[in-house]
Every structure is written in C-alpha cells, then in structure tokens.
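Participant: this is a predicted model, with the sequence first.
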Amino acid sequence: ETGVTQTPRHLVMGMTNKKSLKCEQHLGHNAMYWYKQSAKKPLELMFVYNFKEQTENNSVPSRFSPECPNSSHLFLHLHTLQPEDSALYLCASSQSRRQGDIQYFGAGTRLSVL
Amino acid sequence: GIQVEQSPPDLILQEGANSTLRCNFSDSVNNLQWFHQNPWGQLINLFYIPSGTKQNGRLSATTVATERYSLLYISSSQTTDSGVYFCAVEYRDDKIIFGKGTRLHILP
C-alpha cells in the first residue's frame, strides 16, 4: 500500500465513450502526476500538477483532459479515444515538484479501447 | 532529443547472484532516477541520484554525470527483485524521459 489509490483498476471503453480515471493520495503531498505505459513504448510523463496548478503538459492530445480539484485528487477525463491509447495509466504523488522528492505510485488503471 | 539507453534488456539470474544494470544518456541531465516495477505492475521509486553513489540495503546506485551513465547494483538477489528496472532522466524544462527498462528474472 503506497498511499496512492487509483480507480478503476481496469477499464474497457469504446472509441465514442467518455470515462474518467481517478487518483487519490492520502500522503499530504502537493504534486501529482499522470503517466502512460504502453506495451511497446517507454513510460511517458503526461501531466504534472503542483499545488493544484498544471505545470507540465507533455504534448498530450486533447482527448485526454486532466483535472485537479484539490491536492489530494487527480482525474483524467477521456473522450473519443483511439485503440492506440490502450495502456496502463499510472498516477503518482510527491511532497512537491522539487528535485529529490520521492514519487509514490498507484497500482494503475489498465485501459483497453475497442 | 535526449536518448536514454538501458542494458541489458533482459537478465536471468539465480537467487543469490549479484547484478549490474546500466543506464546511458546522451546529454547533460539535471537529475536521474531508478525505478522498479514488480510483475504486478507496481512502480517504486528506488533512487534519486544525479551524481555520486547511494545505497539502500542490497541496492546501490552510482551516477557519473560527466560520463553520462548510471549503474544500479543488486547484491544477493532475491526472487522479489524480479521485475523491470527503469532509469529516468530529467533535463531541460524539467522534461522526464524514461529508458525502455531492464527485465530481471531471479530464479529460485
């Protein structure tokens, strides 16, 4: 148990569906992250929030829309996804965005887009 | 952009053996991290190591920033060490780039 909880653990959706991934951390951290892990590509950092403000968006398509209502919760809203978006989506949190702050990861949501 | 290469891609060892994993990067970096992902997908941050050497139990890491490489040492391997080990570098504009990983399988 890392203190970072992701729901759902598995999600199957059609290309026209709208769904959301949820991440919650109970560590009192101020920075939260979304990562994408595809079967054939290295881990990719998607978004970073620090004190509820988005500080990084690494050229992620607009069909992925993050939301951070408070420091404990992070959402990833999904709409009109493509089959190549099927992947493991990992959420992480750290005390802040300072270098050296350890990131704690959730167990991930495995997404399949049909 | 920066290239991050990890070697070997796969490694199979007997329990109790020692191993060295390598991470090469093609440009100067602000920071370097090592991660372990267990067979069930859980990712754990092992080290933040922009330079020098750090140790944590049976694991240690050394980064030689001037020569653009980092090494992760695992001593007296246990089956629970199995999984994929990633290095990730932070460079300009705080971009984080991961290597493709080394898949380690420890046999009982």
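Facilitator: Yes, it's here. Keep in mind that what you see is a predicted model, and the values were worked out from it rather than measured.

Participant: for stretch A:66-81, list every residue counted as buried.
Facilitator: A:66, A:68, A:71, A:72, A:74, A:75, A:76, A:78, A:81 (16 or more other Cβ atoms under 10 Å in any protein chain shown). Glycine gets a C-beta too; all of them are placed from N, C-alpha and C.

Participant: check contacts around the last one.
Facilitator: Shown here is residue A:81, whose contacts under the criterion Cβ atoms under 8 Å, 6 or more residues apart in numbering or on different chains are A:13, A:15, A:17, A:63, A:111, A:113.

Participant: other SSEs contacting the worst-scoring helix or strand of chain B on mean pLDDT?
Facilitator: Each helix and strand of chain B was given a mean pLDDT (mean pLDDT, DSSP states H and E); the minimum falls on strand B:96-98 at a mean of 91. Applying 3 or more Cβ pairs under 8 Å, 6 or more residues apart in numbering or on different chains; DSSP states H and E, one finds that strand B:96-98 contacts strand B:83-90.

Participant: can you do 10 Å?
Facilitator: The contact analysis (3 or more Cβ pairs under 10 Å, 6 or more residues apart in numbering or on different chains; DSSP states H and E) places strand B:96-98 against strand A:31-37, strand A:44-50, strand B:4-7, strand B:31-37, strand B:83-90.

Participant: show me the contacts for residue B:90.
Facilitator: Contacts for residue B:90 (Cβ atoms under 10 Å, 6 or more residues apart in numbering or on different chains) come out as A:45, A:99, B:2, B:29, B:30, B:31, B:32, B:33, B:48, B:50, B:96, B:97.
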